[in-house]
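Student: Have a look at this prediction, sequence included:
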Amino acid sequence: MGEQRAERQDASAEPPAVGVPAALPGAGHIGILSRAFEKAVDDFKDQIKWLETRVHSNHNRLLLYFGAGFILLASMIIGSYHWLDDKITSESDKIGSKIDKADDRIVILGSDLSRVDQQLKDLLERIPPVATPPPKRQ
């Protein structure tokens, strides 16, 4: 009866895993476990390969988004620089025109002042000197 049981066990049992001696007690169970682990490891390998391809494409997409964002940011900075430069140029032109007007007014005031000075000199030349009366003695 023990022989029949051993034969049934050998017939139904799968061969042991590579590197596991067949005479080892529980070798069939070790073989089953090793095959299960091999299958799980193969599943993990497949998942890792899938993740590598997925992550690689995500990495490329991330680089693409970063590059597009950088270009967008750079174009916004350049656009704002040109807008600000135009605004500064127009304001400086306005200020320059005001300064030119002020310079013209200063020149006009200077010429007016010299004309007034000349008229005062002419007036002083036309007025005869006033005779001062002799002092009275008391």
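Tutor: Here it is on my side, so go on.
Student: Need phi/psi at Pro134.
Tutor: Here is the backbone geometry of Pro134 (degrees, to the nearest 10): phi -70, psi 150.
Student: Likewise for Pro129?
Tutor: For Pro129, the backbone dihedrals are phi -70, psi 150 (criterion: degrees, to the nearest 10).
Student: Relative to Ile32, how far out is it?
Tutor: With distances taken as C-beta to C-beta, to the nearest Å, Pro129 is found 141 Å from Ile32. (Glycine included, C-beta is placed from N, CA and C.)
Student: Check Lys49 too.
Tutor: 26 Å.
Student: Looking at these two, which is more packed in?
Tutor: More crowded of Lys49 and Ile32, by other C-beta atoms under 10 Å: Ile32, with 15 against 10.
Student: separation between the more buried one and Lys98?
Tutor: Taking C-beta to C-beta, one finds Ile32 at 96 Å from Lys98.
Student: for the protein, longest helix please?
Tutor: Scanning the chain for the helix with the most residues, using DSSP state H, yields helix 27-126.
Student: by contact count, what packs against that helix?
Tutor: Here helix 27-126 touches no other helix or strand, going by 3 or more C-beta pairs under 8 Å, 6 or more residues apart in numbering; DSSP states H and E.
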